[in-house]
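Chemist: predicted model, plus sequence, below.
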Amino acid sequence: LGAQRSLGRKVAVKALLPSAEVYAAEPQDFDDLARSLETGERQSNKDTSGSICDALMVDKPGELTFPILQKAKTGALAVTDDEALRAMAHAFYELKLVTEPSGATALAAVLTGKLETKGKTIAVVLSGGNRGGKSSFMAVALALCWLQRGGMGAEFALIGPEIKQAHLLKKKLFEGEQTG
């Protein structure tokens with residue numbers, strides 16, 4: 001989750017389980033928290049728009065929250081918009097949960113292997129079932145494309161054709177373009 005939204009969870013987890021590793025997930029190219037933790041100083045993003053993970057779009061970590069995040073020894077992992085969409089599709093298809101792109105970033109980090117999970121107990125917070133529109137359609141369309149090909153399983157990282165097919169469906173339904 002984004003730094004501001006997940007601060008309370010991080011503090012609670014670290015208080016109960018001091019040896020726990022707690023990570024935030026944020027959109028690629030909007031990784032202000034990761035860069036801030038690395039340098040020890042609050043870093044800004046060049047832009048505050050340009051990702052489907054709009055709930056995580058901030059200029060930089062908060063002045064009050066950043067020192068607390070530093071003490072929690074948290075980390076941050078960046079995921080692409082397509083990875084967030086894939087995680088939304090996975091949550092919909094496999095877990096029967098509806099999420100928003102920002103609320104699926106942590107799951108995306110796990111599913112893409114950006115977080116080492118072997119031999120570890122992992123907890124992922126998903127959120128945002130109130131999201132509608134194009135991104136939710138893309139995730140559901142992607143899940144349906146996977147279903148048509150026999151399920152998601154190990155193909156999670158190899159879904160170029162499914163992303164293209166989902167984008168074509170989106171264009172046809174939302175942008176009025178003809179698809180072949």
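Modeler: That came in fine, so what should we check first?
Chemist: in a strand, Thr121, correct?
Modeler: No: Thr121 is assigned coil when assessed by DSSP: H, G, I helix; E, B strand; the rest coil, not a strand.
Chemist: next, count neighbours for it.
Modeler: By the criterion of other CB atoms under 10 Å, Thr121 has 7 neighbours. Backbone N, C-alpha and C define where each C-beta goes, glycine included.
Chemist: and for Ser44?
Modeler: 13.
Chemist: quick one: which helix or strand includes the nearest residue to it once chain neighbours are set aside?
Modeler: Leaving aside its sequence neighbours, Ser44 sits nearest to Lys60 (CB to CB, 6 or more residues apart in numbering; 4.4 Å). Lys60 is part of no helix or strand when elements are defined by DSSP states H and E.
Chemist: so Lys60 sits against Glu41, correct?
Modeler: No: counting by CB atoms under 8 Å, Lys60 does not reach Glu41; the two are 9.7 Å apart.
Chemist: those two: which is more packed in?
Modeler: Lys60 (17 against 11).
Chemist: contacting residues for the more buried one?
Modeler: If a contact means CB atoms under 8 Å, 6 or more residues apart in numbering, then Lys60 has 32, 36, 42-45 as its contacts.
Chemist: let's go with 10 Å and repeat that
Modeler: Counting by CB atoms under 10 Å, 6 or more residues apart in numbering, Lys60 touches 3, 32-33, 35-36, 41-45, 48, 66.
Chemist: now those as JSON lines including distance to Ala72, pLDDT and secondary structure?
Modeler: JSON lines is the format used below for the contacts of Lys60 (distance: CB to CB, whole Å; pLDDT from 0 to 100; DSSP: H, G, I helix; E, B strand; the rest coil):
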{"residue": "Ala3", "distance to Ala72": "10", "pLDDT": "50", "secondary structure": "helix"}
{"residue": "Asp32", "distance to Ala72": "17", "pLDDT": "91", "secondary structure": "helix"}
{"residue": "Leu33", "distance to Ala72": "12", "pLDDT": "90", "secondary structure": "helix"}
{"residue": "Arg35", "distance to Ala72": "17", "pLDDT": "93", "secondary structure": "helix"}
{"residue": "Ser36", "distance to Ala72": "13", "pLDDT": "94", "secondary structure": "helix"}
{"residue": "Glu41", "distance to Ala72": "17", "pLDDT": "96", "secondary structure": "coil"}
{"residue": "Arg42", "distance to Ala72": "16", "pLDDT": "95", "secondary structure": "coil"}
{"residue": "Gln43", "distance to Ala72": "18", "pLDDT": "94", "secondary structure": "coil"}
{"residue": "Ser44", "distance to Ala72": "21", "pLDDT": "94", "secondary structure": "coil"}
{"residue": "Asn45", "distance to Ala72": "21", "pLDDT": "90", "secondary structure": "coil"}
{"residue": "Thr48", "distance to Ala72": "24", "pLDDT": "76", "secondary structure": "coil"}
{"residue": "Phe66", "distance to Ala72": "11", "pLDDT": "88", "secondary structure": "helix"}
